[in-house]
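S.K.: Curious how this folds, go ahead:
(chains A and B)
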2 protein chains.
Amino acid sequence: MTALSTVLDGERVPPDLPERSAAAAAETVADDATLAVSGFGSVGYPKATPEALAAAADDRSLSLTVVSGGSTGPPIDTTLVETGAVARRFPYQATPQARRAANERTMGFADRGIAGLSDEVRFGRLVDPDVAVVEAVGVGNGWLAPSTSIGQTPAYVRAADELIVEVNAAQPRALARFHDVIVRDPSPNREPLAVTAPGERVGEPVVRFDPAKLRAVVRTDRRDDPYEFRDPTATDRTIADHLLEFLETEIRRDPVVGAAPTLQFGVGSLGNALMGALSGSPLADAGLRYYGEVIQDGLLDLLDEGGLSAASATSLALSEAGQDRLFAEPERYADRVVLRPSDVSNAPALIDRLGVVAVNSAVGVDIYGHVNSTHVRGSRLLNGVGGSVDFNRNAHCTVVTLPSTAGDGDLSTVVPMATHVDHTEHDTDVIVTEHGVADLRGTTPTERAERVIAVADPAFRADLRRYLDRARKATGHVPHDLERAFDWQR
Amino acid sequence: MTALSTVLDGERVPPDLPERSAAAAAETVADDATLAVSGFGSVGYPKATPEALAAAADDRSLSLTVVSGGSTGPPIDTTLVETGAVARRFPYQATPQARRAANERTMGFADRGIAGLSDEVRFGRLVDPDVAVVEAVGVGNGWLAPSTSIGQTPAYVRAADELIVEVNAAQPRALARFHDVIVRDPSPNREPLAVTAPGERVGEPVVRFDPAKLRAVVRTDRRDDPYEFRDPTATDRTIADHLLEFLETEIRRDPVVGAAPTLQFGVGSLGNALMGALSGSPLADAGLRYYGEVIQDGLLDLLDEGGLSAASATSLALSEAGQDRLFAEPERYADRVVLRPSDVSNAPALIDRLGVVAVNSAVGVDIYGHVNSTHVRGSRLLNGVGGSVDFNRNAHCTVVTLPSTAGDGDLSTVVPMATHVDHTEHDTDVIVTEHGVADLRGTTPTERAERVIAVADPAFRADLRRYLDRARKATGHVPHDLERAFDWQR
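M.R.: Numbering: from 1, shown residues only, chains lettered A, B, ... in the order given. Okay, here's the model as predicted:
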């Protein structure tokens, strides 16, 4: 039997595996253990074991380190975090509770990019995990089939000494049809990644592991907490209009983009709105491909219409409606949608080779093109940098999209100087707000400033210009006035 | 005849090519032309044509755009720039005159990374060059053999409409023995890079061009202005001691580094001193390999001793003594030294696959690990970011080396908040000063701050700690006090 038919037609949990209750599995976890968990794009995370750990938190002195693929869900980043059991957390979170704990520094947090994370954990440079806790749609003797995300799971099950697999009956086994798993040899002897197109499969649908590590298989039966996208706002739609116009121009003008426009969109409501705007647009006839880290609802319409020849990611970050739609007919999408380990979905080599146009949102930008994706006023963490750092750095064209204001329109997201820099001026090609497209390619810093100010909210443009004019009275390649650079954010 | 024997044994300039004087070549350049020139690591740049343009500057209204591979030499960045003929300049410079012009904004300048630059110029995203002006050790009908650097030359001769080749009789033709040139297919259909080890050759020793583009061949006969390294200081030597100790530990501890320690060092006197310190050290027996962008004098001793099995770069950035040594016996080095186009020497895919430990210097670092490589007080450009952005982002381990003070010891290079960020906290693994090694891997921001402060100059540690302690009174994942963040730099 092939690996795929074993997953699809075999038993989810063969009888010879050590099936345990979640409570029993949680008992095998040491109080100060380092856990490497599945989950990316807030789906495909373990559910019962973290909740069992949380339930035991009152009776145990838990001081856990938790490293996830990307964002997980409430069992870890709400319930477990709220007990105070998570002493350290890497590399990304997306819940109010985890965010608060990181900002109050009751939980140690550190923010890392995605592409290198598998290596960082495999080779002990970030953490050295004791236990991997991962969700699957099926498990066998030495293999597991991931559920709605793959993330860093292949690396984590190798790095950890022990393994707990949650087999979730609410996740269709047909999810294995989407998976294309490879595990790279360690540097310095790794082979080139063999993927030559977003839809190409070069691996297998399961993650292999050393059977001697398997401590427990825990049965669960509930879906991921669905992603909740807000409805697109008028601002989202205007940003989408500008972006689409820009992309149409690039397809005509740039032979790389024209040959096979390959897009990536960041996670979140704006990213989802931008994906959705492609559907029914002239771009739906342009032979689009998608090479990113998350597939969100916005892409499903485009897939249904035939406007997307292939989509590659590491996570199906769908709303409840999106899950219903995909789960009802997985076969309908599985020939064009590929889920990969996140060191492949976010690989610099592939982002380069495929000529990706990366579209990611931001908290703010400064007039010279530095981008803040993570921290408010230099200090307060939102979610984390995630894969934007991989795509923005290595894309053929790097586009940053954001509304020009925050709050109730009383704060400009375009500022004189970014108080936290996640992506530098060296990487930012284009900024799009609801006021237009600032094409920064081939410009000097002061030219960039002019173009960025032109897409700021009109109410703030005069102040931004005043800052620029004052700063440029002094010499300096990137004119700044350090006395006043943060006046707006103080 | 093979391409190599043609270069070594043929005529440097066959009689059927359009040999011209430099003045005549310069006349073919339009007043507002965009020039794409050779030169990387301040070697291998065209000499006579830029000087002829400078000589004609009084009589012409020149307003040139000059994009180089990396840093060039005095003919462009001193002589030509001083005439005011260079209106725009990309992506890097390293002379006081070009720096002044960039900071006074009499010359438009923009600072870009190296790995993507070939593509940016080939596909018109940075500039659309009219003329390529490149130095060679020999030229034929449709090929040229670069001299002391390759840089972006393969891309630039493709991107430009016309071509001027300077054939320099003072550069040995045996330099072609070092070259390994490939030109990648454009995205989205490019193949994986076939290089699997620093010393491996996968291309040919010449750059091919469309013979119809050749406007002029200009003979020259003088060496590059040699790189001038200052002698290593006591601080350099102490930094080197700490770095070597760190590397020895990593070789023992990290299987990737242990399997084949593959180093990269940044350009400049500190980088050269660190390279030189390897010679005669225990690391010289560790099977070192080098995969970087420049080969400087410090590596020659190590090559002579057999302490380096292979070295790959895009430039031989040598002092006069280093040039003498290499030019006297090129065969001695050519089997272990490979020069590549800079989109290969700096390729993210290869930096990743080869497991590079990147060692680059900086102007300053902040307590959270953000790195400033380019601008003083947020505004004043030094040289540019160059390839450090490629290596720091994609290396297996990213090490930043710098003395803990600047000026006469009265300025701390460790500051509360970087006034210009070229490399973010997400990428900085280790900081080394003369006061020790701050290993930031696996740490939270406040833990990072403690470790960074511990390697600051002792005279500034109390102030840095005071900043940190005050900032951490408020909540925030990365505690900052925006009122005081720049107090030190104002």
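S.K.: got a list of what the residue of the stretch 1-150 of chain A found nearest chain B touches?
M.R.: Nearest residue of the stretch 1-150 of chain A to chain B: residue A:108, at 4.1 Å (CB to the nearest CB). For glycine as for every other residue, the C-beta is placed from the backbone atoms N, C-alpha and C. Applying CB atoms under 8 Å, 6 or more residues apart in numbering or on different chains to residue A:108 gives the contacts A:87-89, B:444, B:447.
S.K.: Residue A:188 too?
M.R.: Residue A:188 is in contact with B:197, B:256, B:259-260, B:262, B:289, B:353-355, counting by CB under 8 Å, 6+ apart.
S.K.: Save the residues you listed as JSON lines, and put in secondary structure, distance to chain A and neighbour count too.
M.R.: Listed next are the contacts of residue A:188 as JSON lines, based on DSSP: H, G, I helix; E, B strand; the rest coil; distance: CB to the nearest CB, whole Å; neighbours: other CB atoms under 10 Å in any protein chain shown:
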{"residue": "B:197", "secondary structure": "coil", "distance to chain A": "8", "neighbour count": "18"}
{"residue": "B:256", "secondary structure": "helix", "distance to chain A": "5", "neighbour count": "24"}
{"residue": "B:259", "secondary structure": "helix", "distance to chain A": "6", "neighbour count": "15"}
{"residue": "B:260", "secondary structure": "coil", "distance to chain A": "5", "neighbour count": "20"}
{"residue": "B:262", "secondary structure": "strand", "distance to chain A": "6", "neighbour count": "29"}
{"residue": "B:289", "secondary structure": "strand", "distance to chain A": "8", "neighbour count": "22"}
{"residue": "B:353", "secondary structure": "helix", "distance to chain A": "5", "neighbour count": "28"}
{"residue": "B:354", "secondary structure": "coil", "distance to chain A": "5", "neighbour count": "26"}
{"residue": "B:355", "secondary structure": "coil", "distance to chain A": "3", "neighbour count": "27"}
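S.K.: Quick check: the gap between the residue nearest to residue A:412 when sequence neighbours are not counted and chain B.
M.R.: Distance criterion CB to CB, 6 or more residues apart in numbering or on different chains; nearest residue to residue A:412, sequence neighbours excluded, is residue A:460 at 3.9 Å. As judged by CB to the nearest CB, to the nearest Å, residue A:460 and chain B stand 18 Å apart.
S.K.: Where does residue A:460 sit: helix, strand or coil?
M.R.: helix (DSSP: H, G, I helix; E, B strand; the rest coil).
S.K.: I'd like to know how many residues surround it.
M.R.: For residue A:460, the neighbour count with other CB atoms under 10 Å in any protein chain shown is 19.
S.K.: got it, and residue A:232?
M.R.: 18.
S.K.: Quick one: residues contacting it.
M.R.: A:240, A:269, A:273, A:276-277.
S.K.: Out of the residues you listed, which one has the lowest pLDDT?
M.R.: Least confident entry in those, by pLDDT: residue A:269, with 89.
S.K.: wouldn't that one be in contact with residue A:239 here?
M.R.: No: counting by CB atoms under 8 Å, residue A:269 sits too far from residue A:239 to count as a contact (11.6 Å).
S.K.: who has more neighbours, the two?
M.R.: Ranked by neighbour count (other CB under 10 Å), residue A:269 and residue A:239 place residue A:239 first, with 27 against 18.
S.K.: State the three-state secondary structure for that one.
M.R.: Here residue A:239 is helix, with the state taken from three-state DSSP.
S.K.: wait, what's in contact with it?
M.R.: A:270, A:273-274, A:401-403, A:432-434.
S.K.: Of these, which pair is most distant in space?
M.R.: A:273 and A:433 (13.9 Å; CB to CB).
S.K.: Point out where chain A drops to low pLDDT.
M.R.: A:1 (pLDDT under 70).
S.K.: Look through it and tell me its longest strand.
M.R.: strand A:131-140 (DSSP state E).
S.K.: Pairing partners for that strand, with directions?
M.R.: strand A:34-37 (parallel), strand A:143-146 (antiparallel), strand A:162-168 (parallel) (DSSP bridges).
S.K.: Contacts for the second one next, please.
M.R.: It stands for strand A:143-146. Residues contacting strand A:143-146 (CB under 8 Å, 6+ apart): A:3, A:7, A:38, A:44, A:134-139, A:153, A:157, A:165, A:173, A:175-176, A:179, A:181, A:205-209, A:339.
S.K.: same thing but 6 Å
M.R.: With CB atoms under 6 Å, 6 or more residues apart in numbering or on different chains as the test, strand A:143-146 has contacts from A:7, A:136-138, A:153, A:165, A:176, A:206-208.
S.K.: And residue A:405, how far from chain B?
M.R.: Applying CB to the nearest CB to residue A:405 and chain B gives a distance of 20 Å.
S.K.: quick one: which of the contacts of residue A:108 sit in helices?
M.R.: Counted as lying in helices by DSSP state H, out of the contacts of residue A:108, are residue B:447.
S.K.: Pull the most distant pair out of the contacts of residue A:108.
M.R.: Top of the distance list for the contacts of residue A:108 (CB to CB): A:89 and B:447, 13.5 Å.
S.K.: Show me which of these two is the more surrounded one.
M.R.: The residue with more neighbours, out of residue A:89 and residue B:447, is residue A:89; 26 against 14, by other CB under 10 Å.
S.K.: give me the beta-bridge partners of the more buried one?
M.R.: Counting by DSSP bridges, residue A:89 is bridged to residue A:66, residue A:109.
S.K.: pretty sure it contacts residue A:110?
M.R.: No: Residue A:89 is not in contact with residue A:110 according to CB atoms under 6 Å; the separation is 8.2 Å.
S.K.: Please enumerate the helices of the stretch 301-450 of chain A.
M.R.: For the stretch 301-450 of chain A, the helices defined by DSSP state H, counting those that start in this stretch cover A:320-328, A:330-334, A:342-345, A:348-353, A:388-394, A:445-454.
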